[in-house]
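turn this into a model:
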Amino acid sequence: MKEIIEKLQSKTDISAYSSNFIRNLIRNRMLELKLNELDEYKEYIEKSVSELEILESQLKNSYSRFFRNRLTFETLSHVILPRLVTQRADNNAEVRIWSAGCAGGHEAYSLAIVFETFNKISTTKLKYRIFATDRDYSEIEHAVLGEYSRHDIGNLTNLETENWFNYSEKKYKINVDIKQHIQFELFDLLDNECTCPPSSIFGGFDIIMCANVLIYYNEEYQKRIISNFQKCISKNGYFVTGEAEREIFISMGFIEIHPQSCILRV
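From the prediction side, this is the model:
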């Protein structure tokens, strides 16, 4: 395993990644190739001119779903958004959200659906803008297109599908009403020059959602990313993370606003 990791390191810098993530990546690739032993895979790498490139490309592979954690989104809808209404002295002020690591757009569109649904039933409407970023250009292209398969929307209710998607040519296409609130942008969370997407200009986010991203990085880079988030969050802002990452925030002194909600603040 050590020799295989060294070969990958010679191809691309993997120092930021968790060792468990790298090992699982290699094991999963072996399963794809139906190779049982590490020695076999090492020999395969030595004989293949493209295998290290394939392994490198899989470092950027991402997985997401609409409303991946229902409790998180329900807490946003019934607890956080009403709080934002009462906290804002200027009701015309825009709520700013950063979906950091948005993959194919599922997370950003889920957030927009929460806001749109809230605005339909609330007497006070929340203006909002979502800045959605990912480091993979192909994922951003997918997100901007906003077209999904039946499998992709499997986590949505029939009502959500009917309200926010149009079915055409065997694809579910996100409504224009939703898309107009989201700005997709290529951005790497490990960028050395910017702590937040350039299009947001100054950050000032009321909500930063970064779910199922930090688990891929080692502790040093996890803390670096969270530190950058803290520079971009507005006063009384909220951090939304994944189930596997909430303990990282809690260990750094963040307080979860509702048990198991994965929504935290300093």
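
make it CA atoms for all contacts and neighbour counts henceforth
Noted.

let me see the ranges of the helices in the stretch 1-150 of the chain.
Assigned by DSSP state H, counting those that start in this stretch, the stretch 1-150 of the chain shows helices spanning 2-11, 19-33, 38-47, 51-58, 70-75, 81-87, 106-121, 137-145.

er, the stretch 151-266 of the chain I mean
Along the stretch 151-266 of the chain, counting by DSSP H, counting those that start in this stretch, helices occupy 158-164, 176-179, 219-232, 246-251.

relative to the whole chain's centre, how far out is the longest one?
What it means is helix 219-232. Computed by CA atoms, centre = their mean, to the nearest Å, the chain-centroid distance of helix 219-232 equals 15 Å.

show the average pLDDT along it.
Mean pLDDT, helix 219-232: 95.

what lies in contact with it?
The contact list for helix 219-232, computed with CA atoms under 8 Å, 6 or more residues apart in numbering, reads 16-18, 189-190, 195-196, 202-205, 208, 214-215.

give me the number of residues near P82?
15 (other CA atoms under 10 Å).

same thing with the one 5 residues further on?
Under the neighbour criterion other CA under 10 Å, Q87 is assigned a count of 11.

what do you get for K120?
Using other CA under 10 Å, the number of residues around K120 comes to 10.

likewise S64?
S64: 16 surrounding residues under other CA under 10 Å.

gap between it and I178?
Note on S64: its distance to I178, by CA to CA, to the nearest Å, is 18 Å.

equivalent analysis for G204, please.
Look at G204 and I178: by CA to CA, they are 22 Å apart.

try Q230
As defined by CA to CA, Q230 lies at a distance of 28 Å from I178.

residue farthest from the centroid of this structure?
No residue in the chain sits farther from the centre than K47, which is 35.8 Å out by CA atoms, centre = their mean.

any idea of the pLDDT on that one?
93.

got it, and the one 10 residues further on?
With respect to pLDDT, S57 scores 88.

what's the answer for Q180, then?
93.

cool, E193 as well?
pLDDT, E193: 89.

got it, and T72?
Looking at T72, its pLDDT is 97.

ok so, going back, separation between the residue farthest from the centre of the chain and S57?
Distance from K47 to S57, counting by CA to CA: 18 Å.

with D206 instead?
To S57, D206 is 33 Å away according to CA to CA.

more crowded one of those two?
The neighbour comparison of D206 against S57 (other CA under 10 Å) goes to D206, with 20 against 11.

could you find the closest non-adjacent residue to that one?
The shortest distance from D206 to any non-neighbouring residue, by CA to CA, 6 or more residues apart in numbering, is to G237 (4.5 Å).

how about that neighbour, what does it touch?
Taking CA under 8 Å, 6+ apart, one finds 205-208, 265 in contact with G237.

10 Å instead?
80, 84, 96-97, 204-208, 230, 264-266 (CA atoms under 10 Å, 6 or more residues apart in numbering).

same deal with I257?
75, 79-80, 238, 263-265.

against D206, how distant is the nearest residue to G204 once chain neighbours are set aside?
Take G204 and drop its neighbours on the chain: the residue closest to it by CA to CA, 6+ apart is S234, 4.6 Å away. Remark: distance between S234 and D206 (CA to CA) = 5 Å.
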